[in-house]
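Here is my input; please provide its structure:
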Amino acid sequence: MKATPRNRHPRRIERPRWLAACWPAACWLAACLPAAIVTVVAGFAWAPSAEAGSRVWLLRGESYLVEWRSGAIKHSTYLPVQQTGAVAVDACFQTSPDGVAAAARGTPPVGLLVWDKRGSELLRVPYRVLAFRFSPDGRRLVFASEKQIWMFDVGSGPGSGSGPDSGSRAPREPHALARLTGVESLRFTDAGLVALVRTGRGHQLALIDASGAVRTLASAQRIDAMAAAKKRVAYFVKGSLVTIDLEASSSRTIHLDEPAPIGDAELSLHGTRLLFSTAKRVYLREGEGPIRVVAEADAHSIHFSPDGSAFIWAASDRGELRQDDRVTPLLPHLRSARFRNDGPGLVATTEESVATFDPETGGQHIIGGISVEDGENLAGDSLGGVGISINRHKSGHEKAHQPPTTPLP
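Numbering: from 1, shown residues only. Model (predicted):
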């Protein structure tokens with residue numbers, strides 16, 4: 001940015017009289033405000049680049065856990081919360097697309113924890129992890145540290161001799177894939193790994209091939225959201241949607257009718273359908289067709305089914321499952337909703353529980369989470385039929401001042 005000469009625009013730099021009069025009082029007020037209030041106000045202005053799927057609102061200073069418990073086996077991590085704001089659930093934890101394993105970010109000395117559906121720990125990363133992603137077949141996991149992208153072989157599935165279900169306990173170590181700093185998000189494509197990277201000048205999209213070679217796909221001052229699948233990449237910048245065909249090495253820019261920040265974006269498995277949302281609407285684009293509004297709502301969750309034939313959107317008061325011309329209402333008051341990777345149906349999270357949900361019959365089965373007496377559930381998923389959740393446990397002070405939930409005799 002070029003410096004502006006001091007006398008070139010005197011009216012722009014001259015302090016208004018009303019501001020000069022109020023300036024001492026404003027400085028005194030800022031100095032006296034509690035640090036917690038300043039932190040919260042600053043946090044509302046922070047809008048991190050979105051991952052696909054669901055968002056949760058995390059407050060700096062609170063403790064949030066990712067938990068999974070199966071009988072006597074328990075895995076948990078404390079989420080790193082840098083600032084108050086909306087955070088993608090996929091940036092906190094993920095289950096593999098084949099439903100065999102899960103990974104959760106944490107605070108060092110547990111920067112990333114990976115385990116399988118039987119509860120066996122597969123990987124523990126002691127340092128800070130910025131982003132991670134399972135491959136579409138669930139056999140690989142990539143994760144980014146401060147200066148490096150790593151590849152980890154989760155397993156090759158049943159009968160391969162190296163997968164989580166094979167009975168093998170041979171140690172597997174991640175190997176370095178590429179040297180890259182400032183990674184915010186990762187996606188697999190047929191052409192390689194796509195990384196959303198923050199630089200000193202804004203954002204970049206980088207393509208990393210199997211040999212670790214890095215090529216820049218796009219640069220912008222800010223990229224709101226990015227999605228990628230198969231041979232296609234989609235990202236949002238300055239009120240526009242930009243799509244990249246990796247096979248043809250071509251791009252196309254589409255100006256949006258609603259030039260608002262994008263909250264979430266997701267491409268279907270084959271990269272043919274794009275789902276994205278703002279604070280007011282949910283949009284769908286199929287193939288090279290027009291963009292159409294599918295809901296007037298501030299959706300916290302948008303997801304495609306594993307085969308891409310259906311999708312869901314969910315807001316705090318309502319939601320829908322859509323497949324072809326069929327529209328099925330979801331449960332109200334959901335904190336999070338997503339398709340299961342380990343079986344049919346959905347996983348629905350409310351403040352009270354994490355449960356599987358059959359949209360055809362309306363049947364529900366609680367698989368995890370914590371009670372309202374102990375805290376609140378923010379988002380969840382299923383691994384091996386057992387719930388994995390993001391939750392906030394109540395402090396002893398909160399419990400001591402909590403009114404009784406049942407009348408005294």
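
Roughly how far does the residue nearest in space to the middle of the chain sit from S395?
The centre of the chain sits closest to A88, judged by C-alpha atoms, centre = their mean, with a distance of 2.4 Å. Separation of A88 from S395 (C-beta to C-beta, to the nearest Å): 26 Å. All C-beta spots, glycine's among them, are computed from the backbone N, C-alpha and C.

Give the residue spans of this protein that score low on pLDDT.
Within the chain, the ranges that satisfy pLDDT under 70 run 1-52, 156-171, 396-409.

can you give me the strands for the stretch 1-150 of the chain?
In the stretch 1-150 of the chain, the strands defined using DSSP state E, counting those that start in this stretch lie at 55-58, 65-70, 73-78, 85-88, 93-95, 101-105, 112-116, 121-125, 131-134, 140-144, 148-153.

Let me know which of those strands is the nearest to L177.
strand 148-153 (4.6 Å; C-beta to C-beta).

before we move on, back to that, most tightly packed of the strands of the stretch 1-150 of the chain?
Sort the strands of the stretch 1-150 of the chain by mean neighbour count, taking mean count of other C-beta atoms under 10 Å, and strand 101-105 sits at the top with a mean of 26.

picking up where we left off before, could you give the bridge partners of the residue nearest to the centre of the chain?
R55 (DSSP bridges).

So it sits against R55, correct?
Yes: A88 is within contact range of R55, at 5.9 Å (criterion: C-beta atoms under 8 Å).

what do the two both touch?
D264 (C-beta atoms under 8 Å, 6 or more residues apart in numbering).

after the helix or strand that contains A348 comes which helix or strand?
Assigned by DSSP states H and E, A348 belongs to strand 346-349. Per DSSP H and E, the first helix or strand lying C-terminal to strand 346-349 is strand 354-357.

following that next one, which helix or strand comes up?
strand 364-368.

Now do the contacts for L269.
P136, A229, K230, F304, P306, D307, G308.

Then A295?
R281, V282, W313, A315, E320.

Is K230 in contact with F188, as I believe?
No: the criterion here is C-beta under 8 Å, and K230 misses it with F188 at 9.3 Å.

Check the burial of V110 by counting its neighbours.
V110: 18 surrounding residues under other C-beta atoms under 10 Å.

Quick check: closest non-adjacent residue to it.
T77 (5.4 Å; C-beta to C-beta, 6 or more residues apart in numbering).

Verify the stated contact: the one you found with P109.
No: using C-beta under 8 Å, T77 makes no contact with P109, being 10.6 Å away.

mind listing the helices for the chain?
10-13, 17-32, 35-44, 396-400 (DSSP state H).

ok, and the most crowded of the contacts of L269?
Neighbour max across the contacts of L269 (other C-beta under 10 Å) = A229, 25 neighbours.

returning to that earlier point: what's the farthest-apart pair in the contacts of L269?
K230 and P306, at 14.5 Å, using C-beta to C-beta across these.

Verify the contact between Y283 and P290 for me.
No: using C-beta under 8 Å, Y283 makes no contact with P290, being 10.2 Å away.

Comparing the two, which shows the higher neighbour count?
Y283 (21 against 8).

so that one bridges to which residues?
Bridge pairing for Y283 - DSSP bridges - gives F276, V293.

Thought V66 was touching L378, still the case?
No: counting by C-beta under 8 Å, L378 does not reach V66; the two are 10.0 Å apart.

Which residues are in contact with each of these two?
Common contacts of L378 and V66 (C-beta under 8 Å, 6+ apart): S389, I390.

For A315, which residues are in contact?
Contacts of A315 (C-beta under 8 Å, 6+ apart): A295, A297, D298, A299, H300.

returning to that earlier point: list the residues that contact the residue nearest to V110.
The contact partners of T77, taken as C-beta under 8 Å, 6+ apart, are L65, V66, A104, R105, G106, T107, V110, L113.

ok, what's across the strand from the nearest residue to L334 once chain neighbours are set aside?
Setting aside the residues directly before and after it, L334 is nearest to A314 in space (C-beta to C-beta, 6+ apart), at 5.0 Å. Beta bridges link A314 to S301, G319, judged by DSSP bridges.

No further questions, thank you.
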